[in-house]
Structures are given as C-alpha cells and as structure tokens.
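> need coordinates for the below:
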Amino acid sequence: MFWKNTLVTTLILHLISLGVGQIFYPEVQLESNFPPARPTVYNLEAICLYGNGRPRYTDSSFPSSGYAYARRAGKAVNRLEAWFSRCCYGGLAQGNEQILCCAKQAWRTALSHFCIEEYSTMTLVHECCEKKREQRWNCFKKNAANPYYQPLSGYTAPVISPDRIFTWDPNTC
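Okay, the predicted model is just below:
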C-alpha cells in the first residue's frame, strides 16, 4: 500500500510540474486528500500553516464529463480549505482554542454539504454519509487520507473562492 501511495503521489507531482491541466483519473488524485481529517490539537498547526500546499480541484482537474463523485469531493476539499483559511487568518477566531473550534465547525459543515450533495444524485452515496450523527464524523475521521494535513512538496494551490459562505458560531465551542 505504501508503494502505491508513493507512486500515485509521484505521478501527481510529475503531472503538476509538467503543467498538465487535465488529470484523467481524478479519483486517483483525490485518494490522498478525501475525506479530509477532523481538525484536532495535533493537526491544527499544519491545517493553518500548510493550506497553500495541499491540492485544490479546479474544473480543469476533471474531464469535461463524468466523475461527478470526484467533482463533489473536490468541491468539498476546496470549500474546506477556504474556510480553514478564514478560521486561521480571516479574523473569525483568536487563539488556538477558538481557531480549533472554528476549524471543527468548518469541517463538519463542509462534509455535511458534501453529504447533502451526495444524496441529491441518483448514484450510491459515500459510506460515511449513510451514517448518522457522531458515527458519520467518526467514519470520516477513520477514513481520512491525510490525517496530519501534510502538504505536497513543491505544490502551491491556486486560490479558489468557496461556493458557499461559512459562518462560525463561537457559542458552540
């Protein structure tokens, strides 16, 4: 498994370095980033420091048709990364405790929207979306591809505005 992940990561980095706009297997590209890990005290620093080094998914990341699941997952990652940026540097939260609370809310909100979008299709939904309440969040946490939010070496993410507004509620902390 280690060699497969290393090979996939190397291939992605090579394609990025060549400036290849279209990845023919987007689900392979997403394998190392979806689902995103639950924010914790152990990964919060990486969430905030390495946001620009983690992949984003533009329209050119996908073929012109198909790959609806990969598009939804990519949209969830893009949304979450933009919201993490707001939690870390957007003035929404002050101090690590509040930033962590904001990041956790952003994570749940982004994955909730992902699940809503999954159920709006005529295809099978992601296994974690089928679960309720805390079981859903534990499923996403357990399946996290990059639990410590490590960046891709040499990658700089394009700026992608979120398609939804995130409002942090500090009273839920």
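> tell me the centre residue of this protein?
Among the residues of the chain, residue 77 comes closest to the average C-alpha position under C-alpha atoms, centre = their mean, at 2.7 Å.
> element containing residue 152?
In this structure, residue 152 is located outside every helix and strand according to DSSP states H and E.
> start at 21 instead
In the new numbering, first residue 21, that becomes residue 172.
> how many residues are close by it?
Residue neighbour count, defined by other C-beta atoms under 10 Å, stands at 18 for residue 172. In this view, the C-beta of every residue, glycine as well, is placed from N, C-alpha and C.
> pLDDT below threshold where in the protein?
Across the chain, the ranges flagged by pLDDT under 70 are 21-50, 85.
> change it to 90
For the chain, the stretches with pLDDT under 90 are 21-53, 75-91, 110-115, 141-144, 165, 172-173, 175, 178-185, 188, 192-193.
> and residue 121, what does it touch?
113, 188, 190, 192-193 (C-beta atoms under 8 Å, 6 or more residues apart in numbering).
> which one of these is nearest to residue 86?
Comparing those against residue 86 with C-beta to C-beta picks out residue 188 as the nearest, at 35.1 Å.
> and for the closest one, the neighbour number?
By other C-beta under 10 Å, the burial measure for residue 188, its neighbour count, is 22.
> please flag which of the contacts of residue 121 sit within strands.
Here DSSP state E is the test, and these give no hits in strands at all.
> need the buried ones from these selected in ChimeraX.
Selecting in ChimeraX just the buried members of the contacts of residue 121, where the criterion is 16 or more other C-beta atoms under 10 Å, is done with this command:
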select :113,188
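> now residue 92. Nearest residue, chain neighbours left out?
The shortest distance from residue 92 to any non-neighbouring residue, by C-beta to C-beta, 6 or more residues apart in numbering, is to residue 137 (5.0 Å).
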